[in-house]
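K.L.:
Requesting a structural model of the entry that follows:
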Amino acid sequence: MAHPWFVESMRRWGDTLSPQEFLARFTPWHVWWHSGHGTWNGIPFVGFLSFHHDVTNALKCSFGRTGWEFPPPWQDMQPAYETWRTAGGRLLDQIEDPQAFSREVEFWHSAVHSNPLYPEIMDPSTNIWTWRFWALHHRIDEEFKSFLRRLRPGEPDVEKIYESLNASHATV
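P.N.:
Numbers count the residues shown, from 1 in each chain. As a prediction, this is how the structure comes out:
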């Protein structure tokens with residue numbers, strides 16, 4: 001679930017700000033999120049995948065309006081998405097529950113961020129300014145969309161599936 005004010009802020013920024021302005025305004029939010037503050041009175045106000053989906057879509061919009069090309073999804077990072085296993089031994093694409101999928105993708109994402117092969121994406125106060133950071137988050141969003149299609153195979157519009165998850169108050 002994404003809090004409406006968060007979603008509206010991201011959409012407004014994507015529709016009105018340049019990528020540089022967007023990132024400058026987003027940096028403190030990103031640091032705040034990674035400081036463990038994605039909750040309100042202990043309840044998540046936005047889930048991991050919702051947060052990244054809304055931010056990535058908004059920044060893609062900003063890029064598109066200015067004619068800049070958004071980084072393509074990163075395919076060869078380590079650890080690899082395709083081989084990452086949960087504590088229970090399942091591959092990420094074997095998870096069917098939206099909240100469990102969000103939580104496990106977050107663990108994988110953190111492992112990529114903390115890999116010493118990629119020092120430029122380790123610091124939340126500076127990493128959002130790098131191409132590799134957005135290539136990783138584009139990949140996360142593509143995997144999220146694939147998950148949504150598996151969740152509701154008869155619905156071709158992933159945004160409708162995403163909105164129905166938000167309406168059900170699922171924290172994904």
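K.L.:
To which secondary structure element is the residue nearest the centre of the chain assigned?
P.N.:
When C-alpha atoms, centre = their mean is applied to the chain, the residue found nearest the centroid is residue 52 (2.2 Å). Element membership of residue 52 [criterion: DSSP states H and E] is helix 48-66.
K.L.:
how distant is the following helix or strand past that helix from the center of its chain?
P.N.:
With elements assigned by DSSP H and E, the helix or strand that comes after helix 48-66 is helix 98-113. Put simply, helix 98-113 sits 10 Å off its chain's centre (C-alpha atoms, centre = their mean, to the nearest Å).
K.L.:
Name the SS class of the most far-flung residue of the chain relative to its centre, please.
P.N.:
When distances are taken from the C-alpha mean of the chain, residue 154 lies farthest, 23.8 Å away, according to C-alpha atoms, centre = their mean. Secondary structure state of residue 154, per DSSP: H, G, I helix; E, B strand; the rest coil, is coil.
K.L.:
low-scoring stretches of this structure, by residue?
P.N.:
By pLDDT under 70, the weakly predicted segments of the chain are 1-2, 36-46, 169-171.
K.L.:
export stretch 116-125 as CSV, just CAs?
P.N.:
Output in CSV follows, covering the C-alpha atoms of stretch 116-125 (Å, rounded to 0.1, in the frame of the first residue of the first chain):
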residue,chain,number,x,y,z
PRO,A,116,31.5,-4.2,-2.5
LEU,A,117,31.6,-4.6,-6.3
TYR,A,118,29.3,-1.6,-6.5
PRO,A,119,30.5,1.0,-4.1
GLU,A,120,28.7,3.8,-6.0
ILE,A,121,25.3,2.4,-4.9
MET,A,122,26.0,1.9,-1.2
ASP,A,123,25.3,5.3,0.2
PRO,A,124,21.6,6.4,0.2
SER,A,125,22.6,10.1,0.3
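K.L.:
Just the residues contacting the longest helix seen in the chain, thanks.
P.N.:
Taking DSSP state H as the criterion, the chain has its longest helix at helix 131-151. With C-beta atoms under 8 Å, 6 or more residues apart in numbering as the test, helix 131-151 has contacts from 49, 52-53, 55-57, 59-60, 70-75, 77, 81, 92-93, 95-96, 98, 101, 105, 109, 112-113, 118, 120-121, 127-128, 158, 161-162, 165. In this view, the C-beta of every residue, glycine as well, is placed from N, C-alpha and C.
K.L.:
Right, I'll leave it there.
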